[in-house]
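S.K.: output the structure for:
(2 chains)
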Amino acid sequence: MMRTSGPTGRTGLTGRLGLTGFTGFVARRAVGAVVTLFVLSVVIYAVFYVAPGDVAQITCGPRCSPAQVHQVAEQLRLDDPLYTRYVDFLRGIVAGHDYSTGTGVLHCDAPCLGLSYQTDQQVTDLILNKVPVTGSLALGAMVLWLILGVGTGVLSAWRRGRLTERVLTAVTLAGTATPVFVIGLLLMIVVCGQLQWLPFPQYVPFTDDPQQWAWNLLLPWLSLALIESAKYARLTRSAMLETLAEDHVRTFRAYGVKESSVIGRHALRGALAPVIALSANDFGTMFGGALLTETLFGLPGLGRELVQAVRVVDLPVVVGMVLVTGFFVVLANAVADVLYAVADRRVVLA
Amino acid sequence: MSEALLASESAGAGAVTAAAPVTSGARQFWRRLRTRRAALVAGAVVALLVLVALAAPLLTALEGQDPTTYHPGLVDSARGGVPVGSFGGVSAEHWLGVEPQTGRDLFARLVYGARVSLGVALVATFLQVVLGVAVGLTSGLGGRWVDLALSRATDVMVALPLMVLALGLLAVVPSGFPRPVLVALVVGLVGWGGMAKLVRAQTITLKSLDHVAAARLSGWRTVGVARRELLPALAAPVITYAALLFPTNIVVEAALSFLGVGVKPPTASWGQMLTSADVWYQAAPQYLLLPAAALFTTVLALTVLGDGVRTALDPRAASRLRVGAKRTRKTEQVERVDRAEQTHRAEQVDRAEQVDRAEPVDRAEQVDRAESVDRAEKGEASA
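M.R.: Okay, here's the model as predicted:
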């Protein structure tokens, strides 16, 4: 949740352009996101290519012959200073890149994030192929965790001080303390192994068979949602309790507004803004790869790809994945801030 | 992963603490913590875990085993390495059975796993706190450009999911490095963004308070102001946030080891034990359940303790959230003592201020400074 009023304040560029109020806020936020993305790319590039060890050897992989390593070193132009290579990398993202493979030229299309030296694939393709899997996982899980989390939060705020609330509080506390791979592992063993209610998950594309797609993804969705919803339940509960303690709610009650309406229409509205902000942030993170869930259930998504790339030290893939993840998170955060401002106009003035 | 939630929760906590008389004293803290039974139980569990971790060599010596010796005779290689005997090879020599395939002692691996888990999380949290406070303070007190640069850097750190960056970094570091140390360093170096944001926001709020402004006006150097006026006031929100970071770091270490890039065998780690546990759950269910339970208990205890610490440091936030909760006689008693102590403190502060005022000051210099600050403030206000 980044509601920075920092460098792009109202006297900044947007202010001078006459962009004030809501448009100005959106413009400021967009500028902020672009700047963050730029810094992000610099940092990531620097960190990974100034890493200790022989970059060419690492990039090429452990099975490379000295000649191949030498070729990689030439392709990466390791003798050039770092900033020219970085500019080159940026140019590749914007305009594509040609790599000499010794025998010919390999063209890498416009958003070019480099080549995987171990599979000879373009990193961009590699990532794009995985997006549907991770997208399916993230979307379904998010729908589930919003329903579960907000529902639980509303219920425990409404029944506060009673048995229902105490039970729900205990359950959500347990949920926040359970790592997702533990609950996923146990669920998989019980539901798929012992009871055989669901198949061991395998990814079936939505376009092939929507029913099998959902049936196979049900368990990963549930595992993610159970853990994430605990967070949302706590957030919704505390936000609602704060609203319920405010004077205007007391006034509603005094005027005889129905309790269901007080809870559902007035208190819930106050809780929605933080929930929106958090879910956008989480969605961005998920999209960068639900590392653990995908690895555990063997779903061929972005997260598992990153884990595999890390295991075999495929540097261009790792750099590309980290960048894309950062891109999604920054984008999601910017969208969240705008949504937040729509839900709560006070943010614009801050 | 719950970075955003952590930030929102502790930001709320911090805002109140800043306005209250901040150095409320360790005694008061303990008194408040003691009234919360859940926090006490959690504290006892954590203490026990720390003891187990510290005494791991003693405990395994008592059992007569160690975590790394292979016992090929105790696993049935014909059946793929299933432990021999009932309940996964539980016996008088091997209290919790042995690991499938290798036959390493499970009890020894479990208690040594506690060392890795707590040790890595402790070092990582310490690094995050130090880096976060340093960056946050510098950002909040530094000039416009320092603040701009550091805030951008912080934004980047917050934008990147901790797991993703840690995973990437673990890929490029040479493999000769001792693994647990490496994991602690990487998690610590990557996860300070939230703390820095919190400290920066607090510093900016605190800067405008009278006693800090007074210290700046009387010509203290920035380092002095930070050390003597800001750090004591920052202690409460920083401790609260650190208490929430600690269990998160435990989960991160377990997750990285589960993925096979964190702590690697032969060093024992709970997350790494879970990696292959699903294959063996029928023959040796405890191989799955023990590390899972250890992880769950540790994280739960630390979370509850963290919650307790937060309420003890910021009782108002807690009472705000427990609108309908019953007030026991004990909590009322504590509140009364708190009030009395606050009045006492306020009197002390008054006296101290009188002493301060009595100190001779170079009048001309003071006016000079005040004017320049005035100008700066007006400049900022119109900005």
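
S.K.: drop to CA atoms for contacts and neighbour counts, all remaining ones
M.R.: Fine.

S.K.: near chain B, which residues of the stretch 101-250 of chain A show up?
M.R.: A:160-161, A:173-174, A:176-179, A:181-182, A:185, A:189, A:231, A:235, A:238, A:241-242, A:245 (Cα under 8 Å from any Cα of the partner chain).

S.K.: kindly recompute the last result at 6 Å.
M.R.: Neighbours of chain B within the stretch 101-250 of chain A, by Cα under 6 Å from any Cα of the partner chain: A:161, A:177, A:178.

S.K.: wasn't the first one part of a helix?
M.R.: No: when DSSP: H, G, I helix; E, B strand; the rest coil is applied, residue A:161 is found to be coil, with no helix at that position.

S.K.: next one: phi and psi at it?
M.R.: Main-chain dihedrals, residue A:161, degrees, to the nearest 10: phi 80, psi 0.

S.K.: how deep is it tucked in, by neighbour count?
M.R.: Burial measure for residue A:161: 15 neighbouring residues, criterion other Cα atoms under 10 Å in any protein chain shown.

S.K.: and the pLDDT for residue 262?
M.R.: You didn't pick a chain, so chain A it is. If you check residue A:262, the pLDDT there is 81.

S.K.: the intended chain is chain B.
M.R.: 83.

S.K.: can you check residue B:153 too?
M.R.: 85.

S.K.: from the residues of the stretch 101-250 of chain A next to chain B, which has minimum pLDDT?
M.R.: When these are sorted by pLDDT, the bottom entry is residue A:161 at 78.

S.K.: now the element after the host helix or strand of residue B:171, going C-ward?
M.R.: Counting by DSSP states H and E, the element that carries residue B:171 is helix B:162-172. Note on helix B:162-172: by DSSP H and E, the next helix or strand toward the C-terminus is helix B:179-190.

S.K.: centroid residue for chain A?
M.R.: Nearest residue to the geometric centre of chain A (Cα atoms, centre = their mean): residue A:285, 1.6 Å.

S.K.: for it, give its distance to residue A:297.
M.R.: Separation of residue A:285 from residue A:297 (Cα to Cα, to the nearest Å): 18 Å.

S.K.: likewise residue A:190?
M.R.: Using Cα to Cα, residue A:190 is found at 14 Å from residue A:297.

S.K.: could you list the low-pLDDT ranges of the chain?
M.R.: Unless you meant another one, I'm taking chain A. Under the criterion pLDDT under 70, the flagged ranges of chain A are A:1-20, A:51-55, A:57-63, A:75-79, A:99-106, A:110, A:288-289, A:344-350.

S.K.: my question was about chain B, not that one.
M.R.: Residue ranges of chain B with pLDDT under 70: B:1-25, B:86-89, B:174-175, B:315-383.

S.K.: can you pull out the strands in it?
M.R.: B:75-76, B:82-83 (DSSP state E).

S.K.: contacts for the first one?
M.R.: Applying Cα atoms under 6 Å, 6 or more residues apart in numbering or on different chains, the contact partners of strand B:75-76 are B:81, B:82, B:83, B:84, B:103.

S.K.: pretty sure the fourth one contacts residue B:73?
M.R.: Just to be clear, that refers to residue B:84. No: contact status for residue B:84 versus residue B:73: not in contact, 8.4 Å apart, counting by Cα atoms under 6 Å.

S.K.: look at those two and report which has more neighbours.
M.R.: residue B:84 (21 against 11).

S.K.: how much space between that one and residue B:100?
M.R.: From residue B:84 over to residue B:100 (counting by Cα to Cα), the distance is 9 Å.

S.K.: contacts only, for the residue in the stretch 151-300 of chain A positioned nearest to chain B.
M.R.: Closest contact between the stretch 151-300 of chain A and chain B, by Cα to the nearest Cα, is at residue A:177 (4.8 Å). Counting by Cα under 6 Å, 6+ apart, residue A:177 makes contact with B:299, B:300.

S.K.: longest single helix anywhere in chain B?
M.R.: The longest helix of chain B (DSSP state H) is helix B:106-141.

S.K.: tell me what angle it forms with helix B:179-190.
M.R.: 20 degrees (axes from the mean of the first three to the mean of the last three Cα atoms, to 10 degrees).

S.K.: in helix B:106-141, which residues are buried?
M.R.: B:106-129, B:131-141 (16 or more other Cα atoms under 10 Å in any protein chain shown).

S.K.: before we move on, the earlier item: which of the contacts of strand B:75-76 sits closest to chain A?
M.R.: Taking Cα to the nearest Cα as the measure, chain A lies nearest residue B:82 of the contacts of strand B:75-76, at 17.8 Å.

S.K.: so how far is residue B:274 from the closest one?
M.R.: Look at residue B:82 and residue B:274: by Cα to Cα, they are 16 Å apart.

S.K.: repeat for residue A:156
M.R.: Going from residue A:156 to residue B:274 by Cα to Cα gives 33 Å.

S.K.: before we move on, what about residue A:283?
M.R.: 27 Å.

S.K.: pick out whichever of these two has more residues nearby.
M.R.: Taking other Cα under 10 Å, residue A:283 and residue B:274 do not tie; residue B:274 has more neighbours (24 against 21).

S.K.: show me what contacts that one?
M.R.: For residue B:274, the contact set (Cα under 6 Å, 6+ apart) is empty.

S.K.: related to what we said a few turns ago, would a markdown table of the strands of chain B with mean neighbour count be doable?
M.R.: Converted to a markdown table, these look like this (neighbours: other Cα atoms under 10 Å in any protein chain shown):
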| stretch | mean neighbour count |
| --- | --- |
| strand B:75-76 | 20 |
| strand B:82-83 | 26 |
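
S.K.: save the ones you listed as a markdown table, and put in distance to residue A:25 too.
M.R.: Putting the strands of chain B into a markdown table (distance: least, Cα to Cα, whole Å) gives the following:
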| stretch | distance to residue A:25 |
| --- | --- |
| strand B:75-76 | 65 |
| strand B:82-83 | 62 |
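
S.K.: which parts of the stretch 201-350 of chain A are helices?
M.R.: For the stretch 201-350 of chain A, helices defined by DSSP state H, counting those that start in this stretch occupy the ranges A:210-244, A:247-254, A:259-261, A:268-287, A:291-297, A:302-311, A:315-343, A:346-349.

S.K.: packing partners for the fifth one?
M.R.: Helices and strands touching helix A:291-297, by 3 or more Cα pairs under 6 Å, 6 or more residues apart in numbering or on different chains; DSSP states H and E, are helix A:302-311.

S.K.: swap in the longest one?
M.R.: On a contact count with 3+ Cα pairs under 6 Å, 6+ apart, helix A:210-244 meets helix A:123-158, helix A:163-177, helix A:268-287.

S.K.: next, the angle from that helix to helix A:268-287.
M.R.: Interaxial angle, helix A:210-244 versus helix A:268-287 (the same axes, to 10 degrees): 140 degrees.

S.K.: which of the residues in helix A:210-244 are buried?
M.R.: Buried-residue list, helix A:210-244, by 16+ other Cα under 10 Å: A:212-214, A:216-244.

S.K.: what of the shortest one?
M.R.: By neighbour count, with 16+ other Cα under 10 Å as the criterion, helix A:259-261 contains no buried position.

S.K.: likewise the fourth one?
M.R.: If you call a residue buried by 16+ other Cα under 10 Å, then helix A:268-287 has these buried ones: A:268, A:270-287.

S.K.: same question for stretch A:26-46.
M.R.: A:26-33, A:36-37, A:39-42, A:44-45.

S.K.: from those, which land in helices?
M.R.: Judged by DSSP H, the subset of the buried residues of stretch A:26-46 located in helices is A:26-33, A:36-37, A:39-42, A:44-45.

S.K.: where along the stretch 201-350 of chain B do the helices fall?
M.R.: Applying DSSP H, counting those that start in this stretch to the stretch 201-350 of chain B gives helices spanning B:210-217, B:222-225, B:231-258, B:270-275, B:285-313, B:315-321, B:329-358.

S.K.: thinking again about what came up before, any chance of the helices of the stretch 201-350 of chain A in JSON lines, plus distance to residue A:90?
M.R.: JSON lines is the format used below for the helices of the stretch 201-350 of chain A (distance: least, Cα to Cα, whole Å):
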{"stretch": "helix A:210-244", "distance to residue A:90": "35"}
{"stretch": "helix A:247-254", "distance to residue A:90": "53"}
{"stretch": "helix A:259-261", "distance to residue A:90": "54"}
{"stretch": "helix A:268-287", "distance to residue A:90": "23"}
{"stretch": "helix A:291-297", "distance to residue A:90": "27"}
{"stretch": "helix A:302-311", "distance to residue A:90": "21"}
{"stretch": "helix A:315-343", "distance to residue A:90": "12"}
{"stretch": "helix A:346-349", "distance to residue A:90": "33"}
